[in-house]
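Participant: Got a sequence here, can you model it:
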Amino acid sequence: MNNINNLLVLLLVVVFSSCKETPAVEPDKETTTTEKKNFEMYNMSEMALLMEQMYVDNERLKNRIINGEEVGEFPTHFSKIHSSIMTDPSENDAFFKEQSVLFLKAQEQIYADPENAATHYNNAIQACISCHEVKCGGPIPRIKKLVITTK
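Facilitator: Numbering: from 1, shown residues only. A predicted model of the protein is given here:
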């Protein structure tokens, strides 16, 4: 019970110390009427959009494999990985080009050998992870959710 009381007191101290009131400042009427903030919407690059679509496609594919359904046809838009414009064009280097080839080969294997689709699928997902470990680690936890785990 003592730990709960200590935690509650600590929480209240944090809440009240972070709620500092700022003094009201009279706006300068000349500048506030003419100044407007310019907000820029974030626009995803072609590559980011493609990777989002590949994620959705692989999520659907994972469900089909788990449910024993046909894998369907290889999504041809995956091949745009070679030509899509990246957020940072300098990232489209030899390493990325090599990894994208490996990814596409692994992905194509799923459709070429549907009897072993789960293994090929996990290889393709691992190819994503391997590239992201070097290039952009942020999506790795999300990508790992695509892995088909055996029970």
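
Participant: Report the residue spans of the chain with pLDDT below the cut-off.
Facilitator: Applying pLDDT under 70 to the chain flags the ranges 1-36, 151.

Participant: Could you tell me which helix of it is the longest one?
Facilitator: Determined from DSSP state H, the single longest helix within the chain is helix 46-66.

Participant: And it, what's buried?
Facilitator: For helix 46-66, burial by neighbour count (16 or more other Cβ atoms under 10 Å) applies to Met47, Ala48, Leu50, Met51, Met54, Tyr55, Asn58, Leu61, Lys62, Ile65. Backbone N, C-alpha and C define where each C-beta goes, glycine included.

Participant: what do you get for stretch 108-119?
Facilitator: Buried-residue list, stretch 108-119, by 16+ other Cβ under 10 Å: Gln109, Ile110, Ala117, Ala118.

Participant: Take the residues you listed and lay them out in TSV including secondary structure.
Facilitator: TSV is the format used below for the buried residues of stretch 108-119 (DSSP: H, G, I helix; E, B strand; the rest coil):
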residue	secondary structure
Gln109	helix
Ile110	helix
Ala117	helix
Ala118	helix
